[in-house]
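**Student:** predicted model and sequence follow; I will ask about them next.
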Amino acid sequence: MAVHCSLVIFAVVALMAPSISSATEFVVGGDDGWKLGVKYDDWVKDKQFFAGDTLVFKYKAGAHNVYKVNGDDFKSCTVPSNNSLGSFTGNDTIKLATAGNKWYICGISGHCDGGMKLKITVLEGAAPSSASTLPATSFQILFGMIFAFAVNFHI
Ligand SMILES: [Cu+2]
């Protein structure tokens, strides 16, 4: 009986963990940070961004900077005349306030063309009772099964 109880509790905790949403801080480029020679498309690939998360651009102050741009300026590497992100400290934190596509480039001449450009898609914050996506449904079925199992064993 004790073994069954532990297993059930473990399964419930393991299943619930991904559904607990909390803001995540992403250091752009990971250990590489924000610099030339990093493939930011690759860095983005295995990540999900949600509204409320933050991006941190880490770089040597003065060597780079960060501009938020629109999709066209991203493609053409056009640096906006205004600095939409405040001061460039080398530890620039940007809160992803809303869902949608976001584009960031380095404004130093040639750096955007050299690969210092980041495009991400921010998703709506994951609400517990959000739309009936397949994972949520599977989760509910699994949870129900585990709950039934647990009741069986009078936990
Ligand atoms: Cu740069």
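**Tutor:** Yes, it's here.
**Student:** now do the buried residues in stretch 91-103.
**Tutor:** Burial within stretch 91-103, assessed by neighbour count using 16 or more other CB atoms under 10 Å, is assigned to 92, 94, 96, 102-103. Every C-beta, even on glycine, is put in place using the N, C-alpha and C of the backbone.
**Student:** could you dump those to TSV with secondary structure, distance to the ion and pLDDT?
**Tutor:** Listed next are the buried residues of stretch 91-103 as TSV, based on DSSP: H, G, I helix; E, B strand; the rest coil; distance: CB to the ion, whole Å; pLDDT from 0 to 100:
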residue	secondary structure	distance to the ion	pLDDT
92	strand	12	96
94	strand	16	95
96	coil	21	96
102	strand	18	98
103	strand	15	97
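**Student:** for this protein, what lies in contact range of the ion?
**Tutor:** For the chain, the residues in contact with the ion (CB under 5 Å from the ion) are 64, 106, 108, 111, 116.
**Student:** quick one: pLDDT of the second one?
**Tutor:** According to the model's per-residue confidence, residue 106 sits at a pLDDT of 97.
**Student:** restricted to buried residues, select the residues of the chain next to the ion in ChimeraX.
**Tutor:** Filtering those down to the buried ones (16+ other CB under 10 Å) takes a single ChimeraX command:
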select :64,106,111,116
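**Student:** from the residues of the chain next to the ion, which ones fall inside helices?
**Tutor:** Among those, none falls in helices (DSSP state H).
**Student:** in the residues of the chain next to the ion, find the pair that's most separated.
**Tutor:** 108 and 116 (7.8 Å; CB to CB).
**Student:** shared neighbours, the two?
**Tutor:** Among the neighbours of residue 108, those also in contact with residue 116 (CB atoms under 8 Å, 6 or more residues apart in numbering) are residue 64.
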